[in-house]
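A.B. asks: My questions are about this predicted structure, shown below with the sequence.
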Amino acid sequence: MAKPKVFVTRRLPEPALTQLLDRVQADVWPHALPPSRSTLLEKVRGLDGLLCLLTDPIDDPIMAAAGGRLKVISNCAVGVDNIDLPAATRRGIPVGNTPGILTETTADFAFALLMAAARRVVAGDQFVRQGKWQTWGLTQLLGQEISGATLGIIGFGRIGQAVARRAQGFNMRVLFYDPRHPASPSAPPAEKVELEELLMQSDFVSLHTPLNPGTHHLIGARQLAQMKPTAILINTARGPVVDSQALYQALNTGQIGAAALDVTDPEPVPLNHPLLTLENLIITPHIASASRATRGKMAQMAVDNLLAGLAGQPLPNCVNPQVYPR
C-alpha cells in the first residue's frame with residue numbers, strides 16, 4: 001500500500017522527523033526561509049497531508065490547489081492565525097495545533113524580557129562592549145524596580161497565568177484583562193480589571209492574547225497614551241497585536257519607558273525599520289518557545305496530529321472539531 005504524501009514546510013527536530021519519514025512519503029522543505037507562495041501552490045498539489053509553521057499562510061486557494069485528497073493540516077504552533085480556519089472547516093479538513101506544551105517556556109521568556117528591559121541588561125552588555133565601563137557610579141544605567149511592582153497581563157489563558165505565577169515570586173501585584181477568561185479558583189492571585197484601568201495602573205504590561213480581528217492593534221496610540229511614562233511593554237504573543245508605528249512614537253517621545261518584543265509587525269523586522277533606532281527597546285527573533293525540549297515536543301505533537309488525520313482518526317489537538325460528525 002502506498003504511503004500517504006505530505007509536505008513539511010520546514011525541517012523538524014528529531015526524533016519526530018524520523019518517525020514521520022518512516023510512516024509517510026514526505027517532501028521536507030530543506031531551506032531556512034519558508035517556501036514562497038508559488039512554491040506552496042506547487043508543492044500541495046495531490047497531497048494527503050500538510051505540516052506547516054506559523055510563517056506559512058495557508059488560505060483557501062492553497063487548500064483548493066491541494067485538491068480533494070487533503071485530509072489534514074497540522075500547524076507546528078499554538079496559534080493558527082496563519083490558517084484560514086473557516087475555509088478548512090468548510091472543506092472538512094481538521095486543523096491541528098500544539099497547545100500547552102510551550103506554556104512554561106514562553107512564560108519563562110516573557111519574564112526574562114521583563115527583567116532584561118527593567119534592569120537594562122542588554123544596554124549594560126553593550127556599554128561594556130563599547131568600552132564605556134570606566135568605573136562604578138550611583139546613577140549608571142538605572143533601571144526599574146521589579147519587586148513589588150504592578151504587572152498587567154492582557155490575555156489570561158495558560159501562558160498569561162503562568163506569567164502571573166512567576167510574578168508571585170517577586171511579590172508583584174497582578175492585574176489582568178481578558179474578556180474570554182473569568183477569574184477561576186485554580187488561577188494564581190490576580191485582579192480582573194478593564195483594559196484602561198490595567199494600562200493606567202501597571203508598571204509592566206505583558207501581552208498573551210491570540211491574534212484575531214478583535215485583538216489586531218489592541219495596543220495602539222490611545223492605549224499607549226494611557227500607560228505610565230515609566231511603564232514597560234512586553235509582547236510574546238503576536239506582532240500585529242501592537243501598532244508598530246504607534247509604539248515607535250511612544251518610545252521615541254518617552255510616552256512609555258521601554259518595550260521588549262519577541263514578535264513584531266512586520267516579522268522579521270526589516271533592518272531599516274524605525275524601531276531598530278531606539279535604545280529603549282529590546283527585540284528578539286520570535287524565540288520565546290525556543291528551548292530544545294519544547295521545540296522537540298512541539299514537533300512530536302504536530303507529527304501526531306498529522307498521522308492521526310492521515311489515518312482518519314480525530315486529531316489529538318484539533319482547533320476545528322466541528323469537522324467531525326457528532
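C.D. replies: Received the coordinates, thanks. Because the structure is a prediction, the values reported are computed rather than measured.

A.B. asks: Could you tell me which helix of the chain is the longest one?
C.D. replies: Assignment by DSSP state H gives helix 292-310 as the longest helix of the chain.

A.B. asks: Please work out which residues outside that helix touch it.
C.D. replies: Defining contact as CB atoms under 8 Å, 6 or more residues apart in numbering, one finds that helix 292-310 is touched by 4, 6, 12-17, 19-20, 23-24, 48-49, 51, 71-77, 94, 96-98, 101-102, 105, 289, 314-318. From N, CA and C alone the C-beta is placed, and that goes for glycine too.

A.B. asks: Cross those residues against strands and list the overlap.
C.D. replies: Judged by DSSP state E, strands contain the following of the contacts of helix 292-310: 6, 49, 51, 72-75, 96.

A.B. asks: Report the buried members of the contacts of helix 292-310.
C.D. replies: Buried residues within the contacts of helix 292-310, defined by neighbour count using 16 or more other CB atoms under 10 Å: 4, 6, 12-13, 16-17, 19-20, 23-24, 48-49, 51, 71-77, 94, 96-98, 101-102, 105, 289, 315, 317-318.

A.B. asks: Which residues are in contact with the most centrally placed residue in the chain?
C.D. replies: Closest to where the C-alpha atoms of the chain average out (CA atoms, centre = their mean) is residue 237, at 3.9 Å. Shown here is residue 237, whose contacts under the criterion CB under 8 Å, 6+ apart are 155, 207-211, 263.

A.B. asks: Ok, residue 85 next?
C.D. replies: For residue 85, the residues meeting the contact criterion (CB under 8 Å, 6+ apart) are 95, 319-320.

A.B. asks: Same question for residue 168.
C.D. replies: Residues in contact with residue 168 (CB under 8 Å, 6+ apart) are 174, 188-189.

A.B. asks: Spell out the secondary structure type for the residue nearest to residue 118 when sequence neighbours are not counted.
C.D. replies: Once flanking residues are discounted, residue 118 sits nearest to residue 144: 4.2 Å by CB to CB, 6 or more residues apart in numbering. For residue 144, the reduced secondary structure class is coil; criterion used: DSSP: H, G, I helix; E, B strand; the rest coil.

A.B. asks: was I right about residue 144 contacting residue 232?
C.D. replies: Yes - at 6.5 Å, residue 144 and residue 232 qualify as touching, with contact defined as CB atoms under 8 Å.

A.B. asks: what's the overlap in contacts for the two?
C.D. replies: Counting by CB under 8 Å, 6+ apart, the shared contacts of residue 144 and residue 232 are 117-118, 203, 257-258.

A.B. asks: Can you tell me which of those residues has the most neighbours?
C.D. replies: Within the shared contacts of residue 144 and residue 232, residue 117 tops the neighbour count with 25 neighbours, counted by other CB atoms under 10 Å.

A.B. asks: ok now whatever helix or strand that residue lives in, how far from the chain's centre?
C.D. replies: Counting by DSSP states H and E, the element that carries residue 117 is helix 103-118. Its chain's average C-alpha position is 13 Å from that of helix 103-118, according to CA atoms, centre = their mean, to the nearest Å.
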